[in-house]
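Undergrad: got a structure for you, letters missing:
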């Protein structure tokens with residue numbers, strides 16, 4: 001699968017456990033930047049490897065490579081444990097600092113959407129900090145609907161943070 005648009009030189013593919021260190025590096029940058037996640041503790045490659053194995057069959061993780069180096073990734077994970085939500089994936093997308101602004105987040109999300117539909121997911125959802133303008137713009141451009149805002153959803157570094165809820169219907173649910 002190849003990306004379109006500005007990131008055409010970058011290729012997308014399903015992640016493997018060999019990508020765990022690169023995914024962890026990019027995720028840890030996002031944790032340190034404090035604009036994309038409530039998480040505060042860095043992840044190691046072993047943490048990511050376990051998550052990849054646990055989710056592999058149902059919930060895809062994709063990476064974007066540029067010149068053979070993983071520079072972005074997107075993943076779906078279970079939304080809730082109840083069976084009625086089995087077709088909903090909660091997604092994350094992260095781009096390495098050195099690669100931001102070049103359309104690689106779009107490439108990762110486009111690949112994730114395709115892979116999620118292949119696996120029978122009917123919806124992707126996430127919660128995004130309002131100040132994360134790049135992620136909100138990306139989601140809008142891909143057709144995600146902003147459902148609403150959870151006020152004071154959690155604390156990050158002792159400060160209350162709101163989150164914007166986004167969703168994209170897939171497959172039969174989108175018709």
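TA: All right, it came through fine. Since we're looking at a predicted model, the values are computed, not measured. Residues are numbered from 1 along each chain as shown.
Undergrad: okay, the residue nearest to the spatial centre of the chain: pLDDT?
TA: The structure's the chain has its C-alpha centroid closest to residue 92; by C-alpha atoms, centre = their mean the separation is 2.1 Å. Residue 92 is assigned 98 on the pLDDT scale.
Undergrad: from residue 172, how far out is the residue nearest to it when sequence neighbours are not counted?
TA: Distances taken as C-beta to C-beta, 6 or more residues apart in numbering put residue 75 closest to residue 92, at 5.4 Å, once the chain neighbours are dropped. In short, each C-beta sits where N, CA and C put it, glycine included. Distance of residue 75 to residue 172, given as C-beta to C-beta, to the nearest Å: 23 Å.
Undergrad: which of the two has more neighbours?
TA: residue 75 (25 against 10; other C-beta atoms under 10 Å).
Undergrad: list the contacts of the more buried one.
TA: 15, 51, 55, 59-62, 91-93, 112 (C-beta atoms under 8 Å, 6 or more residues apart in numbering).
Undergrad: mind checking the pLDDT average for the helix or strand harbouring it?
TA: Under the criterion DSSP states H and E, the helix or strand holding residue 75 is strand 69-78. Average pLDDT, strand 69-78: 98.
Undergrad: for the residue with the largest distance to the centre of the chain, give me the pLDDT.
TA: Distance to the chain centre peaks in the chain at residue 158, reaching 24.8 Å (criterion: C-alpha atoms, centre = their mean). pLDDT, the model's per-residue confidence, is 97 for residue 158.
Undergrad: same thing with residue 4?
TA: Reading off the model, residue 4 has pLDDT 38.
Undergrad: which residues touch stretch 106-119?
TA: So stretch 106-119 is contacted by 1, 3-7, 10, 12-14, 58-60, 62-64, 72-76, 89, 91, 93, 95, 124, 138-139, 141-142, 168, 170-171 (C-beta under 8 Å, 6+ apart).
Undergrad: and if you look at stretch 12-27?
TA: Under C-beta under 8 Å, 6+ apart, the answer for stretch 12-27 is 1-3, 42-49, 52-53, 60-65, 69-73, 75, 94-96, 107-108, 110-111, 115.
Undergrad: from the residues you listed, which would you call buried?
TA: Neighbour-count burial (16 or more other C-beta atoms under 10 Å) applied to those gives 3, 43, 45, 48-49, 52, 60-65, 70-73, 75, 94-96, 107-108, 110-111, 115.
Undergrad: still on that earlier bit, redo the contacts of residue 75 as JSON lines? Include secondary structure.
TA: Shown next, in JSON lines, are the contacts of residue 75 (DSSP: H, G, I helix; E, B strand; the rest coil):
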{"residue": "15", "secondary structure": "coil"}
{"residue": "51", "secondary structure": "helix"}
{"residue": "55", "secondary structure": "helix"}
{"residue": "59", "secondary structure": "coil"}
{"residue": "60", "secondary structure": "coil"}
{"residue": "61", "secondary structure": "strand"}
{"residue": "62", "secondary structure": "strand"}
{"residue": "91", "secondary structure": "strand"}
{"residue": "92", "secondary structure": "strand"}
{"residue": "93", "secondary structure": "strand"}
{"residue": "112", "secondary structure": "helix"}
